[in-house]
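1. sequence? don't have it. structure:
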């Protein structure tokens, strides 16, 4: 039972934060490589035990490493006297960044593997944080999920009407429209949330009210 206590959701959030700081300070590439193998091996075992498909996790991993690909393209070369030449220091730095990012991603996925939105919100409320900061985190988690659902609905509706993304002006125009609609939806949600909070007596601007009342 004591072992289960130290793996409570709010404690795991603290572990993720502290582990991220530790990984960010690591510079030994073989150690980072070994930790990556161990963490991702443990992650795939945990996915199999929990009956979850690794496909969704692989998609997130590919998206992250698409970002690291641009890091490699930026740092792995330099302009020298003979033109474009390899940059060993840049290659080492790109490898270090890639290993750190993958280790943090894999560790976060492993520690929070059974954490859904509800459990995450409950864990945030148990953290020793100021009340308004906890409230901000809760709104962030809640409305990222809401906007993600709206984005998926828009994507399904556009595909049902025959839309296919291409590298042309129309695709860029429709992408800009989607971003604008998401921002409008977020603004409407924020306004409704603020109205609901004020109706329940939550004061968003205590300091401003105090200044207004002062002579």
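-> Received it, and whenever you're ready, just let me know what you need. Given the structure is predicted, the values throughout are model-derived calculations rather than measurements. Residues are numbered from 1 along each chain as shown.
2. Flag the shaky bits of the protein, pLDDT-wise.
-> Along the chain, segments meeting pLDDT under 70 span 1-5, 142, 145, 190, 193-194, 197, 202-215.
3. next one: phi and psi at residue 79?
-> phi -90, psi 120 (degrees, to the nearest 10).
4. State the distance from it to residue 69.
-> Counting by C-beta to C-beta, to the nearest Å, the separation of residue 79 from residue 69 is 21 Å. Using the backbone N, CA and C atoms, a C-beta is placed for each residue, glycine as well.
5. Neighbours of residue 35, how many?
-> 19 (other C-beta atoms under 10 Å).
6. from now on call the first residue 303
-> Shifting the count to begin at 303 puts that one at residue 337.
7. what helix or strand is it on?
-> Here residue 337, judged by DSSP states H and E, is contained in helix 331-351.
8. now the end-to-end length of stretch 372-389.
-> This stretch, stretch 372-389, spans 15 Å end to end (C-alpha to C-alpha, to the nearest Å).
9. How about it, which residues are buried there?
-> Under the neighbour-count criterion of 16 or more other C-beta atoms under 10 Å, stretch 372-389 has 373, 374, 377, 378, 389 buried.
10. What of stretch 359-371?
-> Here stretch 359-371 shows 359, 363, 370 as buried, counting by 16+ other C-beta under 10 Å.
11. Checking my notes, residue 380 in a helix, right?
-> No - going by DSSP: H, G, I helix; E, B strand; the rest coil, the assignment for residue 380 is strand, not a helix.
12. so who does it touch?
-> Residues near residue 380 by C-beta atoms under 8 Å, 6 or more residues apart in numbering: 386, 387, 388, 389, 392.
13. Residue 392 touches residue 377, doesn't it?
-> Yes - judged on C-beta atoms under 8 Å, residue 392 makes contact with residue 377 at a distance of 3.5 Å.
14. in this structure, which spans are strands?
-> Counting by DSSP state E, the chain has strands at residues 379-382, 385-388.
15. count of neighbours near residue 411?
-> Neighbours of residue 411 (other C-beta under 10 Å): 19.
16. Quickly note the distance from it to residue 497.
-> For residue 411 relative to residue 497 (C-beta to C-beta), the value is 36 Å.
17. Could you do residue 401 as well?
-> Distance from residue 401 to residue 497, by C-beta to C-beta: 47 Å.
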